[in-house]
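Undergrad: Sharing a model prediction with you, sequence too.
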Amino acid sequence: MIIDRKGTTRIVFLIGLVAIKVPNFLNGWKLFLCGLLANMQERQFGAAGWDGLCPVLWSLPGGWVVVMRRARVMTPEEFLAFDAEAFCNRSEYVLPVEAKSSSFGFIDGQIVAVDYGS
């Protein structure tokens, strides 16, 4: 198991084939609430079935937990060669993703947004 505490609003537990996201209580109440909202946003956008988003496999209402497929996150070098703007600007919608390498990854050879909760 790998625990990623780099996020301001959420902590991510990487276990086997899944990533489990929970609100980060270590940075204060306001950022904890932002983590709840980020999880609720990923649940909502994941349910929309938009192409390009890492699939949400399971979640609890209220933003307490989101479980996604685990992706291999892009390296900074891969991100430099990647056109994030073109990837996010779809004909029918715009993927709500921050343009940085840790927001994108690979599942089964396909690029997906792994962090689309804001």
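TA: Cool, got the structure. Numbers count the residues shown, from 1 in each chain.
Undergrad: Residue 41 contacts residue 115, doesn't it?
TA: No: Residue 41 is beyond contact range of residue 115, at 10.6 Å (criterion: Cβ atoms under 8 Å). To be clear about C-beta, it is placed using only N, CA and C from the backbone, and glycine gets the same treatment.
Undergrad: For these two, work out which one has more neighbours and name it.
TA: residue 115 (23 against 16; other Cβ atoms under 10 Å).
Undergrad: can you tell me how far that one sits from residue 55?
TA: Using Cβ to Cβ, to the nearest Å, we find residue 115 at a distance of 14 Å from residue 55.
Undergrad: same deal with residue 5?
TA: From residue 5 over to residue 55 (counting by Cβ to Cβ), the distance is 24 Å.
Undergrad: again, but for residue 69
TA: Relative to residue 55, and taking Cβ to Cβ, residue 69 is found at 5 Å.
Undergrad: Of the two, which one has the most company?
TA: Neighbours per residue (other Cβ under 10 Å) separate residue 69 from residue 55, with residue 69 holding more: 16 against 12.
Undergrad: ok, that one - contacts?
TA: 17-19, 54-55, 57, 107 (Cβ atoms under 8 Å, 6 or more residues apart in numbering).
Undergrad: one more time with 10 Å
TA: Contact analysis of residue 69 by Cβ atoms under 10 Å, 6 or more residues apart in numbering lists 17-19, 54-57, 105, 107-108, 112, 114.
Undergrad: Drop anything exposed from those.
TA: 19, 54, 56, 105, 107, 112, 114 (16 or more other Cβ atoms under 10 Å).
Undergrad: Turn those into JSON lines, columns for pLDDT, secondary structure and distance to residue 10.
TA: Formatted as JSON lines, those follow (pLDDT from 0 to 100; DSSP: H, G, I helix; E, B strand; the rest coil; distance: Cβ to Cβ, whole Å):
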{"residue": "19", "pLDDT": "97", "secondary structure": "strand", "distance to residue 10": "10"}
{"residue": "54", "pLDDT": "96", "secondary structure": "coil", "distance to residue 10": "14"}
{"residue": "56", "pLDDT": "96", "secondary structure": "strand", "distance to residue 10": "14"}
{"residue": "105", "pLDDT": "97", "secondary structure": "strand", "distance to residue 10": "16"}
{"residue": "107", "pLDDT": "97", "secondary structure": "strand", "distance to residue 10": "19"}
{"residue": "112", "pLDDT": "97", "secondary structure": "strand", "distance to residue 10": "17"}
{"residue": "114", "pLDDT": "96", "secondary structure": "coil", "distance to residue 10": "12"}
